[in-house]
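In: Provide a 3D model corresponding to the input given below.
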Amino acid sequence: MSTPLSAHSRPHADLLRQYYALTKPRVVQLIVFCAFIGMVLAVPGVPGWADVRVAALASAGIWLVAAAAAAFNCLVEKRIDAKMKRTAWRPTARGELSDRQALVFSMALCLAGSALLWFAVNPLTMWLTFATFVGYAVIYTVVLKPLTPQNIVIGGASGAMPPVLGWAAMRGDVGPEALILFLIIFLWTPPHFWALALYRVEDYRKAGLPMLPVTHGNEFTRLQVLLYTFILFAACLMPFIYGMSGWLYLAVAVAVSLGFSGYAFALWRNYSDALARKTFRFSLIHLSVLFAALLVDHYLVY
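Out: Numbers count the residues shown, from 1 in each chain. Model (predicted):
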């Protein structure tokens, strides 16, 4: 009796996995984490139950809209994804989900997330989150990415929005603290992404995308990675300078920024694909640890 049931349920489980894969879970998790940091920093002291409720609803709404943007990106870039080893597994690239399925799924997530943010959080957060969706799914994916090697620099504004969304959810406005967090992610995005593009350059060349290593070469891109890590280092000090964090954050920010700059310097001096991979992976550690330090520091008394 168990065999027919298992055989019957397997296609449904596979379909759910395919839809889930469209949402780019790891990317969306980082987005929600960064938004959560913005929420925490927006609330002085220990949050009350009302704050926790708003934060939970806002996190759910931001997750839904971010997942919608990811699904739309997979739909638009399905032919490009099919040419690249890193993305060829995606359900849209493999033809496991039709264009209609991906589009309806993206629209449903976006509408659900927008409605949740509008009615349960506040209209400002909804509009900012929807603008982020348009910025990533349309302006970056459709317009910038195929046209200019500066796509990740300009389009990085959308990826830098999560802390602003989190702050707006709790405060109903956009304060300077949120803009500082925005600046950090905005400056972090190019060296993070170009480190990946350096060792995936042939994939981007085959796909016909004008990524910086394709249009300007390996050496120029390595220099840009190094210079951006220096500027990012300075930006990472701003939460302490502005007074929104204390000495713990400063120590962690200096340590991880030195690490990122060190990887970038080594990459600039002596390139290898293995070192580019390590630089890319450390960039993820850099941002995660930096924001975790902001979270812990927020509850320490100086």
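In: ok, residue 176 touching residue 241?
Out: No. Contact between residue 176 and residue 241 fails when scored by CB atoms under 8 Å: they sit 11.8 Å apart. Any C-beta I mention is one placed from the backbone N, CA and C, and that applies to glycine too.
In: Which of the helices and strands in the chain ranks last by mean pLDDT?
Out: helix 2-22 (a mean of 69; mean pLDDT, DSSP states H and E).
In: Give me the contact list for whichever helix or strand comes after it.
Out: Once the chain leaves helix 2-22, the next helix or strand it forms, by DSSP states H and E, is helix 25-42. Under the criterion CB atoms under 8 Å, 6 or more residues apart in numbering, residues 47, 55, 58-59, 62-63, 66-67, 70, 159, 162-167, 169-171, 175, 177-178, 181, 185, 244, 284, 287-288, 291, 294-295, 298 lie in contact with helix 25-42.
In: Apply the buried test to those residues and list what passes.
Out: Among these, those classed as buried by 16 or more other CB atoms under 10 Å are 47, 55, 58-59, 62-63, 66-67, 70, 159, 162-167, 169-171, 177-178, 181, 185, 244, 287, 291, 294, 298.
In: from those residues, which ones fall inside helices?
Out: Among these, the residues falling in helices (DSSP state H) are 55, 58-59, 62-63, 66-67, 70, 159, 162-167, 169-171, 177-178, 181, 185, 287, 291, 294, 298.
In: Show me where the stretch 1-150 of the chain dips below the pLDDT cut-off.
Out: Residues of the stretch 1-150 of the chain meeting the criterion pLDDT under 70: 1-12.
In: Just give the nearest non-adjacent residue to residue 63, would you?
Out: Using CB to CB, 6 or more residues apart in numbering and skipping the chain neighbours, the partner closest in space to residue 63 is residue 32 (5.2 Å).
In: Quick one: neighbours of the one you found, just the number.
Out: Residues lying near residue 32 (other CB atoms under 10 Å) number 20.
In: For the residue lying closest to residue 64 once chain neighbours are set aside, grab phi and psi.
Out: In space, residue 64 comes closest to residue 113 once its chain neighbours are excluded; the distance is 2.9 Å by CB to CB, 6+ apart. Here is the backbone geometry of residue 113 (degrees, to the nearest 10): phi -70, psi -40.
In: Starting from residue 62, give me the distance back to residue 113.
Out: Distance of residue 113 to residue 62, given as CB to CB, to the nearest Å: 7 Å.
In: Mind listing the shared neighbours of the two?
Out: Both residue 113 and residue 62 are contacted by residue 129, under the criterion CB under 8 Å, 6+ apart.
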